[in-house]
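> Got a sequence here, can you build the structure:
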Amino acid sequence: MEEEPKDLALQSADPKVSEKVSIRKLELEANIYNSVIILLGISVILVICLVTYLALHEKVVPEGIIAIGSAALGGLAGILAPSPGSSK
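Here you go, the predicted model:
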């Protein structure tokens, strides 16, 4: 496995190195994107389960739990909704 040059000038001069760096950045961005979606989805599911459990046992549902679920759902909607300027 060959080492990548640490100097940015060398990276831009060598197209192979520049392409490898670009691919790794895209893979990292995709992993972060997927992780955020998974964590927000788990948060929403956990809040729904907790609220259902509390409601079935006739207990008071704290407003903080509702706020966490609302924020997680809003975050998911914001990430997954297409931007207004996109052509998709």
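> how about low-confidence regions in this protein?
For the chain, applying pLDDT under 70 flags the ranges 1-17, 86-88.
> Go through it and flag its longest helix.
As assigned by DSSP state H, the longest helix anywhere in the chain is helix 15-56.
> Phi first, then psi, for the residue sitting furthest away from the middle of the chain.
Here the centre of the chain is the reference, and by Cα atoms, centre = their mean the most remote residue is Glu58, at 34.4 Å. The phi/psi pair for Glu58 (degrees, to the nearest 10) reads phi 50, psi 50.
> What distance do you get for it to Thr52?
Using Cβ to Cβ, to the nearest Å, we find Glu58 at a distance of 12 Å from Thr52. Using the backbone N, CA and C atoms, a C-beta is placed for each residue, glycine as well.
> Restricting to C-alpha, output the helix or strand following the longest helix of the chain in PDB.
Proceeding N to C from helix 15-56, the next assigned helix or strand is helix 63-80, under DSSP states H and E. Extracted in PDB, the C-alpha atoms of helix 63-80 (Å, rounded to 0.1, in the frame of the first residue of the first chain):
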ATOM      1  CA  GLU A  63     -42.600  17.300  27.900                       C
ATOM      2  CA  GLY A  64     -38.800  16.800  27.500                       C
ATOM      3  CA  ILE A  65     -39.400  13.400  25.900                       C
ATOM      4  CA  ILE A  66     -41.900  14.900  23.500                       C
ATOM      5  CA  ALA A  67     -39.400  17.600  22.600                       C
ATOM      6  CA  ILE A  68     -36.600  15.100  22.000                       C
ATOM      7  CA  GLY A  69     -38.800  13.100  19.700                       C
ATOM      8  CA  SER A  70     -40.000  16.200  17.800                       C
ATOM      9  CA  ALA A  71     -36.400  17.500  17.400                       C
ATOM     10  CA  ALA A  72     -35.200  14.100  16.100                       C
ATOM     11  CA  LEU A  73     -38.100  13.800  13.700                       C
ATOM     12  CA  GLY A  74     -37.500  17.400  12.500                       C
ATOM     13  CA  GLY A  75     -33.800  16.600  12.000                       C
ATOM     14  CA  LEU A  76     -34.700  13.500   9.900                       C
ATOM     15  CA  ALA A  77     -37.100  15.500   7.800                       C
ATOM     16  CA  GLY A  78     -34.500  18.200   7.300                       C
ATOM     17  CA  ILE A  79     -31.800  15.700   6.200                       C
ATOM     18  CA  LEU A  80     -34.000  13.600   4.000                       C
END
